[in-house]
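Q: Any chance you could fold what I've pasted below:
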Amino acid sequence: MTGPGDEVLVERRGAVQVITINRPHARNALDGAVSRGIAAAVDELDASDELRVGVLTGAGGTFSAGMDLKAFLRGERPWVEGRGLCGITEVPPRKPLIGAAEGWALAGGFELLLACDLVVASSTARLGVPEVKRSLVAAAGGALLLTRRVPHAVAMEMLLTGDPIDAARAAEIGLVNRVTDEGGALDAAVELATVIAANAPLAVVATKRIARGSADWTTAQGWAEQAALTAPVFASQDAREGPTAFAEKRPPVWTGR
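A: Below is the predicted model of the structure:
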């Protein structure tokens with residue numbers, strides 16, 4: 001793990017990378033340093049042969065209260081050119097990313113969760129997009145993507161009132177995969193990540209790309225894109241290892257090739 005003074009902490013737990021926003025004194029508000037740290041971490045995730053899944057969380061019982069408004073007034077923006085907020089909202093990592101939310105996940109913090117593929121939240125988590133209350137717009141994915149994730153009327157209520165919802169409601173409408181007791185989100189997210197990490201890495205990455213890309217493809221384009229993404233997987237060594245391990249009644253040994 002990196003040093004305690006850093007604004008983003010990164011550690012490895014087996015094949016799982018844990019990324020922690022480490023500004024608890026500022027409710028993990030997102031500034032330039034946090035943005036660069038998260039972007040660098042997910043670059044490491046995608047480049048590493050050992051890392052299979054990432055988990056994004058916040059220190060001190062809060063996920064993130066969103067963009068650091070004091071830094072915003074100084075002209076600082078927590079964006080990465082061409083990649084969006086913290087380098088993940090416009091261009092998420094190739095490998096799966098799981099959000100682990102305790103406490104508040106608001107504004108940009110909530111939009112980071114939207115960039116994740118799965119979300120685990122504690123029972124005391126609160127999620128929302130309050131930008132309209134500050135004459136701002138949820139422009140890091142909230143206004144653009146929330147209607148794709150939940151029923152239109154629910155998304156509009158969240159966006160236009162700016163009021164947060166609790167973890168139980170978030171799970172009910174499909175924003176959260178699992179709800180844990182307070183303090184349990186990270187461990188549950190790592191447990192979920194470990195299950196995913198045990199699967200064939202080439203197949204996991206291709207499946208994520210198809211699932212995320214399909215919303216923007218016509219039906220015909222979707223079949224063509226899927227064929228291009230799956231052909232290398234079916235031709236891989238791992239595609240032979242999976243059935244072989246099944247026939248031999250042993251755990252598969254994935255090489256990512």
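
Q: my guess is residue 94 meets residue 46, correct?
A: Yes: Residue 94 is in contact with residue 46 according to CB atoms under 8 Å; the separation is 5.0 Å. To be clear about C-beta, it is placed using only N, CA and C from the backbone, and glycine gets the same treatment.

Q: what about this protein, any weak spots by pLDDT?
A: By pLDDT under 70, the weakly predicted segments of the chain are 1-5.

Q: Recalculate using a threshold of 80.
A: 1-5, 72, 75 (pLDDT under 80).

Q: And the helices in it?
A: 32-47, 69-73, 108-115, 142-149, 152-161, 167-172, 185-197, 201-213, 219-234, 237-247 (DSSP state H).

Q: Nearest to residue 131, out of the ones you listed?
A: helix 142-149 (7.2 Å; CB to CB).

Q: which helices and strands sit right next to that closest one?
A: helix 108-115, helix 152-161 (3 or more CB pairs under 8 Å, 6 or more residues apart in numbering; DSSP states H and E).

Q: now for the shortest one, which elements pack on it?
A: Read it as helix 108-115. strand 84-85, strand 97-101, strand 126-128, helix 142-149.

Q: mind giving me JSON lines with the helices and strands packed on helix 142-149 and columns for mean neighbour count?
A: Formatted as JSON lines, the helices and strands packed on helix 142-149 follow (neighbours: other CB atoms under 10 Å):
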{"stretch": "helix 108-115", "mean neighbour count": "28"}
{"stretch": "helix 152-161", "mean neighbour count": "15"}
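
Q: Take the ones you listed and lay them out in TSV including distance to residue 88.
A: Listed next are those as TSV, based on distance: least, CB to CB, whole Å:
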stretch	distance to residue 88
helix 108-115	5
helix 152-161	20
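
Q: Can you check which of those gets nearest to residue 82?
A: helix 108-115 (14.5 Å).

Q: Tell me what angle the closest one forms with helix 142-149.
A: 40 degrees (axes from the mean of the first three to the mean of the last three CA atoms, to 10 degrees).
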